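>>> Show me the folded form of this:
(one chain, ligands or ions: 1)
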Amino acid sequence: MSVVRSLLLKASESRRMREAFPKYAFMRRAVMRFMPGEDLEDALRAGQAFAGQNIGVIYTRLGENVLDLDAAREVAEHYIGALGRIADMQLDAQVSVKLTQLGLDISKDACEANLRAVVERAAALNNMIWIDMEQSALVDATLDMFRRVRAQHENVGVCLQAYLRRTDADLASLMPLRPAIRLVKGAYMEPPAVAFPDKSDVDASYLKIALQLLEATRRGDALAVMATHDPALIQRVRDAGERLQVPRGEVEFAMLYGIRRDEQQRLAAEGYRVRVLISYGTHWYPWFMRRLAERPANVLFVLKNLAGR
Ligand code: FDA
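Presented below is the predicted three-dimensional model:
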């Protein structure tokens with residue numbers, strides 16, 4: 001892991017910086033490259049613009065490690081309201097939640113009740129909910145929760161992180177559920193005993209799992225979303241899809257708002273399913289630091305905003 005990346009990931013976990021940084025105007029200006037605004041309405045407007053390009057969206061309200069049950073319940077209610085707005089506007093838009101935002105750190109039962117309420121509302125509106133994957137210490141709890149809710153509801157999917165050494169085995173254990181899986185590289189700071197430290201190993205793991213998911217998609221045993229901006233991996237997934245004769249319309253790619261827009265449009269124009277994850281909300285600090293860590297060159301962009309250019 002590069003020094004800059006690990007410094008940025010460390011900073012993402014600093015409470016003091018989380019309180020101080022969002023007050024600076026240059027930070028607020030810089031973050032707007034990665035989100036259309038702090039309000040749900042900003043995100044909904046951005047989603048409408050993507051609809052014209054045949055690109056769907058996924059919404060997530062920023063916030064994690066909520067430490068009070070009322071706040072966790074409020075997050076669930078917010079998402080239930082957001083699902084209603086999505087349906088009213090007839091947007092092709094799903095929702096992605098973090099379990100720690102729904103109370104996982106405080107009470108598993110309360111978190112499950114919140115998740116179920118959101119998933120049930122989505123089911124009634126014919127929509128689907130994704131569960132983000134957070135730090136490695138939360139993987140067991142996240143997968144348990146996914147399994148329990150998936151037992152009653154098909155409209156829930158979970159994210160798996162290719163950088164974790166355990167993910168291959170996790171996928172095998174989930175396959176009997178015919179799961180919906182969003183495959184990412186992984187965005188947190190993890191020790192080498194838990195996650196591959198070298199990019200080449202992470203990429204190899206990503207490709208291996210992506211191939212298993214494509215095969216399962218072809219058999220109708222999984223719904224797979226390849227969430228990556230990596231051009232080499234995208235090309236290899238495309239090649240594998242052609243080789244396995246998975247129709248393009250069944251191969252889904254997902255990217256983050258503001259990153260590689262050209263590739264998003266190109267894939268959609270070529271017949272692949274594409275979704276853009278749009279984040280909104282005021283609690284953007286740790287999330288923004290993880291975006292900087294993914295591409296330390298982004299720090300220059302922040303500095304340009306500091307210089308007022
Ligand atoms: P990689 O980091 O190798 O980047 C490949 C190329 O993409 C770079 O060379 C650059 O061109 C571009 N790029 C990538 N990140 C960029 C950035 N921040 N700014 C500018 N350019 C950038 N993680 C997690 O742990 N749990 C989760 O639930 C999710 N959920 C999720 C959903 C979706 C839809 C996406 C796209 C991503 C996530 N992630 C995530 C984040 C994921 O783990 C990962 O950190 C990022 O996607 C960056 O990894 P890439 O696969 O893009 O490759």
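
>>> and the residue positioned nearest the centre of the chain, what does it touch?
Central residue of the chain (CA atoms, centre = their mean): residue 132, 5.5 Å from the mean position. Residue 132 sits next to 60, 96-99, 159 when contact means CB atoms under 8 Å, 6 or more residues apart in numbering. Backbone N, C-alpha and C define where each C-beta goes, glycine included.

>>> Any regions of the protein where pLDDT drops low?
1, 305-309 (pLDDT under 70).

>>> Around the ligand, which positions in it sit nearby?
By CB under 6 Å from any ligand atom, the residues of the chain that approach the ligand are 132-133, 159, 161, 184-188, 227-230, 254-256, 259-260, 277, 291, 294-295, 298.

>>> Just the buried ones from those residues, in PyMOL syntax?
Those of those that count as buried under 16 or more other CB atoms under 10 Å are selected in PyMOL with:
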select buried, resi 132+133+159+161+184+185+186+187+188+227+228+229+230+254+255+256+259+260+277+291+294+298
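
>>> Show only the entries of the residues of the chain next to the ligand found in helices.
Under the assignment DSSP state H, these contribute 291, 294, 298 to helices.

>>> Now the first one. Nearest residue, chain neighbours left out?
It stands for residue 291. Take residue 291 and drop its neighbours on the chain: the residue closest to it by CB to CB, 6 or more residues apart in numbering is residue 34, 5.5 Å away.

>>> element containing the one you found?
Residue 34 belongs to no helix or strand when assigned by DSSP states H and E.

>>> and if you look at residue 78?
Per DSSP H and E: residue 78 is located in helix 69-88.

>>> now the spatially closest residue to residue 80 that is not a sequence neighbour: how far from residue 86?
Counting by CB to CB, 6+ apart, residue 80 lies nearest to residue 121, which is 4.6 Å off, once chain neighbours are set aside. For residue 121, the distance to residue 86 (CB to CB, to the nearest Å) stands at 11 Å.

>>> Now do the contacts for residue 150.
156, 177, 179.

>>> returning to what we had before: run me through the strand neighbours of the helix or strand that comes right after the helix holding residue 78, direction for each.
Next along the chain after helix 69-88, taking DSSP H and E as the criterion, comes strand 93-97. Sheet partners assigned to strand 93-97 using DSSP bridges are listed as strand 56-61 (parallel), strand 129-131 (parallel).

>>> Strand 93-97 versus helix 69-88: what angle between them?
Angle of strand 93-97 versus helix 69-88, following axes from the mean of the first three to the mean of the last three CA atoms, to 10 degrees, is 170 degrees.

>>> Name the residues that touch strand 93-97?
Here strand 93-97 has contacts from 44, 47, 56-60, 75, 79, 82-83, 86, 115, 118, 122, 127-132, 159, 275, 277, using CB under 8 Å, 6+ apart.

>>> For the helix or strand just after that strand, output the C-alpha coordinates as CSV.
Under the assignment DSSP H and E, the closest C-terminal helix or strand after strand 93-97 is helix 108-124. What follows is helix 108-124, C-alpha atoms only, in CSV (Å, rounded to 0.1, in the frame of the first residue of the first chain):
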residue,chain,number,x,y,z
LYS,A,108,-28.1,-6.2,15.6
ASP,A,109,-31.8,-6.7,16.2
ALA,A,110,-32.5,-3.0,15.6
CYS,A,111,-30.3,-3.0,12.6
GLU,A,112,-32.1,-6.0,11.2
ALA,A,113,-35.5,-4.4,11.8
ASN,A,114,-34.4,-1.2,10.0
LEU,A,115,-33.0,-3.2,7.1
ARG,A,116,-36.1,-5.2,6.8
ALA,A,117,-38.3,-2.1,6.8
VAL,A,118,-36.3,-0.6,3.9
VAL,A,119,-36.2,-3.9,2.0
GLU,A,120,-39.9,-4.5,2.4
ARG,A,121,-40.7,-1.0,1.2
ALA,A,122,-38.5,-1.6,-1.8
ALA,A,123,-40.2,-4.9,-2.5
ALA,A,124,-43.6,-3.2,-2.5
